[in-house]
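# I'd like to go over a predicted model; first the sequence, then the structure.
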Amino acid sequence: WRDIIPTPAHYHVSFMHRDIITHAISSQKHGYVVTASQDGVVKFWKRITIDDSDADDATKDAGSSENKKAVEAVTSQCLEFVKSFTAHVGPVVNLQVSHEGDTVVSVGVDRVVKVYDVSTFDVTGMIKIASEEDSSDGKIGP
């Protein structure tokens, strides 16, 4: 198993979440993965396929045939970090992608809904959900 750990040349910066990942979604349309964590962070990742010459070199270095299969499985599809948002104060409680795959929505315990455009990896909207204490008549807003 040690043979399939990335070498320092391939793994010099970590873009991993710092807290427990609560959600992970994916879409085939734009080739992305979006993850969210308990600390309110939402991260965008792009699915990429590495160059065959890199995979061939890694496979040669892997040694046994079992290790070669593991390296091929690990190195053929990778995730490339794109963008990170500190989107919520507290955990993300829901993360959804639209049916078309163009929009992602996150909801946090802070009662904020954030809308993201996947093609630009940007926040396009934010909605603050009123709590029951905020409105005695049950309406949201003034």
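Done, it's in. Numbers count the residues shown, from 1 in each chain.

# right, and residue 108 touches residue 88 too?
Yes - when contacts are counted by Cβ atoms under 8 Å, residue 108 is listed as touching residue 88 (2.8 Å). For every residue, glycine as well, the C-beta is placed using N, CA and C.

# what about this protein, any weak spots by pLDDT?
Low-confidence segments of the chain, defined by pLDDT under 70: 1-15, 51-76, 132-142.

# for it, which segments count as strands?
Shown for the chain, the strands assigned by DSSP state E span residues 21-27, 32-37, 41-48, 78-86, 92-97, 103-108, 112-117, 122-128.

# so which of those strands is the most packed in?
For the strands of the chain, the largest average neighbour count (mean count of other Cβ atoms under 10 Å) is found in strand 32-37, namely a mean of 22.

# got the angle for it vs strand 103-108?
0 degrees (axes from the mean of the first three to the mean of the last three Cα atoms, to 10 degrees).

# can you tell me the strand partners of strand 32-37 and which way each runs?
strand 21-27 (antiparallel), strand 41-48 (antiparallel) (DSSP bridges).

# for it, give me every contacting residue.
By Cβ atoms under 8 Å, 6 or more residues apart in numbering, the residues outside strand 32-37 that reach it are 17-26, 42-47, 79, 82, 87, 91-92, 95, 97, 104, 106, 116, 118.

# cool, stretch 17-29 as well?
For stretch 17-29, contacts defined as Cβ under 8 Å, 6+ apart pick out 32-39, 41, 43, 47, 91-97, 100-102, 104, 118.
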